[in-house]
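*Asks:* structural data only, the sequence is not supplied:
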């Protein structure tokens, strides 16, 4: 096993400890482990020649996320932003620890952390591939759940923000996904406003 494989195995072992579960096609997965697999899949689909650094980042983008539940922060916008900032730091630290354990060098660790922290979004190609993949995972696996929780106006705002985060490859992939009738209608409204 090479160092990249060793690091991925460490990431996966850790994410399998997520006490939250998700059932997809009758199979139960630890929540963050499932989403790490999906993010990795989308990164490879969007960028078939993805570097080891980008693949590693995709497998640990949200590592250990269950350790900082959203409910432990104030429900307002400031609380939300603090939660997101603290999560990003947690993910970057955990990724670095496991990569070091796998014998990876400092430059590789910093490069993975750069992507996880979304530094230079829009100008760094790999960071943007990751952002596209994150949006696609949301649209493919979480969008329907959001549809059940939010009214049309809120969903249109969420979709517009999601769309604005993506570049053309992400947008084209998003349009190829299957949505229910309300999901399609809201995407259409969001893109035409």
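*Replies:* Looks like it came in fine. Model, not experiment: these values are computed from the prediction.

*Asks:* after the longest helix along the chain comes which helix or strand?
*Replies:* For the chain, the helix with the greatest residue count under DSSP state H is helix 77-101. Next helix or strand after helix 77-101 toward the C-terminus (DSSP states H and E): helix 106-116.

*Asks:* taking helix 106-116 as reference, get the angle to the helix or strand following that following helix.
*Replies:* Using DSSP H and E, the helix or strand that follows helix 106-116 towards the C-terminus is helix 125-137. Going by axes from the mean of the first three to the mean of the last three C-alpha atoms, to 10 degrees, helix 125-137 is angled at 40 degrees with respect to helix 106-116.

*Asks:* return the distance of helix 125-137 from the chain's centre.
*Replies:* In terms of C-alpha atoms, centre = their mean, to the nearest Å, the centre of helix 125-137 is found 8 Å from the chain centre.

*Asks:* what do you get for stretch 85-104?
*Replies:* Centre to centre, stretch against its chain (C-alpha atoms, centre = their mean), the figure for stretch 85-104 is 15 Å.

*Asks:* where does residue 29 fall, phi/psi-wise?
*Replies:* phi -130, psi 150 (degrees, to the nearest 10).

*Asks:* the residue nearest the centre of the chain - nearest residue in space that isn't next to it in sequence?
*Replies:* Nearest residue to the geometric centre of the chain (C-alpha atoms, centre = their mean): residue 134, 3.8 Å. Of all residues not flanking residue 134 in the chain, residue 39 sits nearest, at 6.6 Å (C-beta to C-beta, 6 or more residues apart in numbering). Quick note: C-beta positions are derived from backbone N, CA and C, even for glycine.

*Asks:* if I follow the layout properly, that neighbour ends up in contact with residue 57?
*Replies:* No - counting by C-beta atoms under 8 Å, residue 39 sits too far from residue 57 to count as a contact (9.0 Å).

*Asks:* shared neighbours of the two, anything?
*Replies:* residue 130 (C-beta atoms under 8 Å, 6 or more residues apart in numbering).

*Asks:* ok so, going back, run the chain-centre distance for the longest helix of the chain.
*Replies:* 13 Å.

*Asks:* what's that helix packed up against?
*Replies:* Helices and strands touching helix 77-101, by 3 or more C-beta pairs under 8 Å, 6 or more residues apart in numbering; DSSP states H and E, are helix 3-15, helix 52-60, helix 106-116.

*Asks:* what about it, average pLDDT?
*Replies:* Average pLDDT, helix 77-101: 95.

*Asks:* list the contacts of it.
*Replies:* Residues outside helix 77-101 that contact it (C-beta under 8 Å, 6+ apart) are 7, 10-11, 14, 56-57, 60-65, 67-68, 70, 72-74, 108-109, 112-113, 116-118.

*Asks:* repeat that with 7 Å
*Replies:* Outside of helix 77-101, the residues within contact range by C-beta atoms under 7 Å, 6 or more residues apart in numbering are 7, 10-11, 14, 60-65, 67-68, 70, 73, 108-109, 112-113, 116-117.

*Asks:* okay, the residue nearest to the centre of the chain: pLDDT?
*Replies:* Per-residue pLDDT puts residue 134 at 97.
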